[in-house]
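Trainee: take a look and give me a structure for this.
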Amino acid sequence: MSSLSVQTPSLVENALAHRERLHHFTLRAAAEPSVLPRILENFALRNLVPQKLESRQAGGDLVVSLSVCGLDETESRHLQLRMLNIVPVYSVDLDHS
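Mentor: This is a model prediction of the structure:
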């Protein structure tokens, strides 16, 4: 007797797959000395190190682009909202790949 089994990914495997995706954050803020450390603090508190980090001044603004692995959808949205609450931050765009 032979048996045919269909394997479906478990919830744990699905969660791990989501955590392997890169989450890209692009922030625009006032170019103040305290902004970049305040942004990075949100990741340090979660024991995350960005895969990529770029910061540049554009006029009186600071544009920060960073990519990080190790987040699920809920965590990435929560981080987006946390960074929007930083007073000099004007906008936070989030993209997944």
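Trainee: where are the low-confidence patches of this structure?
Mentor: Applying pLDDT under 70 to the chain flags residues 1-19.
Trainee: strands along that one, start to end?
Mentor: For the chain, the strands defined by DSSP state E cover 23-30, 52-58, 61-68, 89-96.
Trainee: distance from the first one to the middle of the chain?
Mentor: Taking CA atoms, centre = their mean, to the nearest Å, one finds the center of strand 23-30 at 10 Å from the center of the full chain.
Trainee: now do it against strand 61-68, angle only.
Mentor: For strand 23-30 against strand 61-68, the angle by axes from the mean of the first three to the mean of the last three CA atoms, to 10 degrees is 160 degrees.
Trainee: max-length helix in this structure?
Mentor: helix 73-84 (DSSP state H).
Trainee: kindly format the C-alpha coordinates of that helix as PDB.
Mentor: Presented in PDB, the C-alpha positions along helix 73-84 are these (Å, rounded to 0.1, in the frame of the first residue of the first chain):
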ATOM      1  CA  GLU A  73       4.500  42.600   8.600                       C
ATOM      2  CA  THR A  74       3.100  43.800  12.000                       C
ATOM      3  CA  GLU A  75       6.500  44.700  13.300                       C
ATOM      4  CA  SER A  76       7.500  46.700  10.200                       C
ATOM      5  CA  ARG A  77       4.200  48.700  10.400                       C
ATOM      6  CA  HIS A  78       4.800  49.300  14.100                       C
ATOM      7  CA  LEU A  79       8.300  50.500  13.400                       C
ATOM      8  CA  GLN A  80       7.000  52.800  10.700                       C
ATOM      9  CA  LEU A  81       4.500  54.400  13.200                       C
ATOM     10  CA  ARG A  82       7.200  54.700  15.900                       C
ATOM     11  CA  MET A  83       9.500  56.600  13.600                       C
ATOM     12  CA  LEU A  84       6.600  58.800  12.400                       C
END
